[in-house]
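Chemist: kindly return the folded structure for what I paste below:
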Amino acid sequence: MLLALHKLSRLYHLQEFTFFVVSAATLGGCAHFGGSASPPSISIPQTGIHSTPASSSVATSVAPPRAASIARESYHQTRSIEVFVATNRKHSGNESDSGPCTDRTFGTEADPTVSLLKCKLNLPRLRAVGSIEATQDPRGDTHRYLRVLDGETVSEKTEWLEDLREGSPAGILIFIHGFNVKFEEALLRAGQIAYDLKFQGKVVLLTWPAGPAEGFFETTRLSRTYQANSETARASVEPFTTLLHDLSSLGIPTYITIHSMGHQVALRALASLPEAERTPWIQELFLNAPDFPVDEFRKVTLGALRKLAKRITLYCSYQDNAMVASELVNKSRRLGACERFDGVDVVNVSEVDAPALGIGGLGHGYYAGRAVLTDIHQALEGIQARDRLFIREGEPNSPEHFFLRP
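Modeler: Here you go, the predicted structure:
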């Protein structure tokens, strides 16, 4: 591993690869708390007009029909959002005045049992799309900063699931985060994605024990954190399999978006569901910069996903420096660097989130920014990939079906 990291350091003419990853992650990688990783601004499209796709040789997935019309909630003003949380992070036994929905309560150690919570967040209107700038000060400007307002632990799984099912005609949006993301950041990111998408249903966060160990030096040792997070990702597959089985039983429209190393948890958990349960209960499955081996996806995972999801969209980039690092460390091609598969809409985002000169950022944090959320918004409206705004088809025999235009 150290040799691989050293090679990458030489490749980009950097003295310290650790410094490169820390700086890049701060600017827009998996762990990103400040500004937006989004590319130049584009407007959210007015959707609802569904054009008939032209004939094409591109073998992609078919868009599921849009859910029945429901009363739409406004996201024009500052508002609170309730996030349903399931986590196998170990409960520390400590809670703050605002309840259990904090890093103080849930750290980076794994627990064989799953904790269920409901957390309430403040989502501000005067915030850049993709940003999760937060404050813990109750006197902070509620129109500018995200904040955890309060939360509660739910002791009974049946109660948590029933609360989730009740009053959800628009379904649920499940978010599963990536590497080096602590509890609160994952929670705020789930709220931000739902708010910026103007999602009309309920929000679910499945959070696994990612993030660095405590202490300043540990937070700067990204290679050690990557290895530790890889181990906790493997340990999280079994509890997440049970969670996803429970969520599949709700019988309501379900949308799932995953980022980075979170695919090592979520995709293996989905592929572990019994064959008898592999019915298409997922309306849309969004794979964002997957740090996941291509061979495993092709040979083991994809067949199960095709049975579980009505449409699969893969957002990728072969200018994603996190994928470069992962391929060197893991010695295998990664899904997030783009690979074409039948039945999957493969969308290359390198034109809207390419790192400057290949080294001026990670090119890995696009999943929560304006360009990708605009495309996801249209997908949620049931629009075929080739008919969505800012999409152009890829070239024959290229690793992607589509490009997302800047």
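Chemist: break down the stretch 251-400 of the chain into its helices, ranges please.
Modeler: With DSSP state H, counting those that start in this stretch, the ranges of helices along the stretch 251-400 of the chain come out as 262-271, 294-296, 302-308, 321-330, 370-380.
Chemist: let me redo that: the stretch 101-250 of the chain
Modeler: Using DSSP H, counting those that start in this stretch, helices in the stretch 101-250 of the chain cover 157-165, 183-197, 216-220, 222-248.
Chemist: please identify the most buried of these.
Modeler: Comparing the helices of the stretch 101-250 of the chain by mean neighbour count (mean count of other C-beta atoms under 10 Å), helix 183-197 comes out on top with a mean of 25. For glycine as for every other residue, the C-beta is placed from the backbone atoms N, C-alpha and C.
Chemist: of the helices of the stretch 251-400 of the chain, which approaches Gln283 most closely?
Modeler: helix 370-380 (8.3 Å; C-beta to C-beta).
Chemist: Pro399: which of the helices of the stretch 251-400 of the chain is closest?
Modeler: From the helices of the stretch 251-400 of the chain, taking C-beta to C-beta, the stretch that ends up closest is helix 294-296, at 10.3 Å.
Chemist: identify the residues contacting that closest one?
Modeler: Defining contact as C-beta atoms under 8 Å, 6 or more residues apart in numbering, one finds that helix 294-296 is touched by 332-335, 339.
Chemist: please redo it, this time with the cut-off set to 6 Å
Modeler: 333, 335, 339 (C-beta atoms under 6 Å, 6 or more residues apart in numbering).
Chemist: relative to Arg370, which of the residues you listed is nearest.
Modeler: Leu335 (23.3 Å).
Chemist: residues in contact with that closest one?
Modeler: Neighbour list for Leu335: 290, 292, 294, 297 [criterion: C-beta under 6 Å, 6+ apart].
Chemist: ok, 10 Å please
Modeler: 263, 267, 287, 289-298, 301, 314, 316, 323, 326, 341, 344, 346 (C-beta atoms under 10 Å, 6 or more residues apart in numbering).
Chemist: could you dump the helices of the stretch 251-400 of the chain to a markdown table with mean pLDDT?
Modeler: As requested, the helices of the stretch 251-400 of the chain are arranged in a markdown table below (pLDDT from 0 to 100):
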| stretch | mean pLDDT |
| --- | --- |
| helix 262-271 | 98 |
| helix 294-296 | 98 |
| helix 302-308 | 97 |
| helix 321-330 | 94 |
| helix 370-380 | 97 |
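Chemist: can you redo these as JSON lines with distance to Glu231 and mean neighbour count?
Modeler: Output for these, formatted as JSON lines (distance: least, C-beta to C-beta, whole Å; neighbours: other C-beta atoms under 10 Å):
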{"stretch": "helix 262-271", "distance to Glu231": "10", "mean neighbour count": "25"}
{"stretch": "helix 294-296", "distance to Glu231": "17", "mean neighbour count": "15"}
{"stretch": "helix 302-308", "distance to Glu231": "24", "mean neighbour count": "17"}
{"stretch": "helix 321-330", "distance to Glu231": "13", "mean neighbour count": "23"}
{"stretch": "helix 370-380", "distance to Glu231": "29", "mean neighbour count": "24"}
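Chemist: now distance to Pro212 too, for those, in CSV please.
Modeler: Below are these laid out as CSV (distance: least, C-beta to C-beta, whole Å):
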stretch, distance to Pro212
helix 262-271, 17
helix 294-296, 26
helix 302-308, 31
helix 321-330, 16
helix 370-380, 26
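Chemist: right, and those helices - which one's nearest Trp281?
Modeler: Nearest to Trp281, of all these, is helix 302-308, at 6.6 Å by C-beta to C-beta.
Chemist: show me the contact partners of the closest one.
Modeler: Residues outside helix 302-308 that contact it (C-beta under 10 Å, 6+ apart): 61, 244, 248, 254, 256, 267-268, 270-273, 275, 277-282, 285, 287, 296-297, 312, 341-344.
Chemist: fine by me, thanks again.
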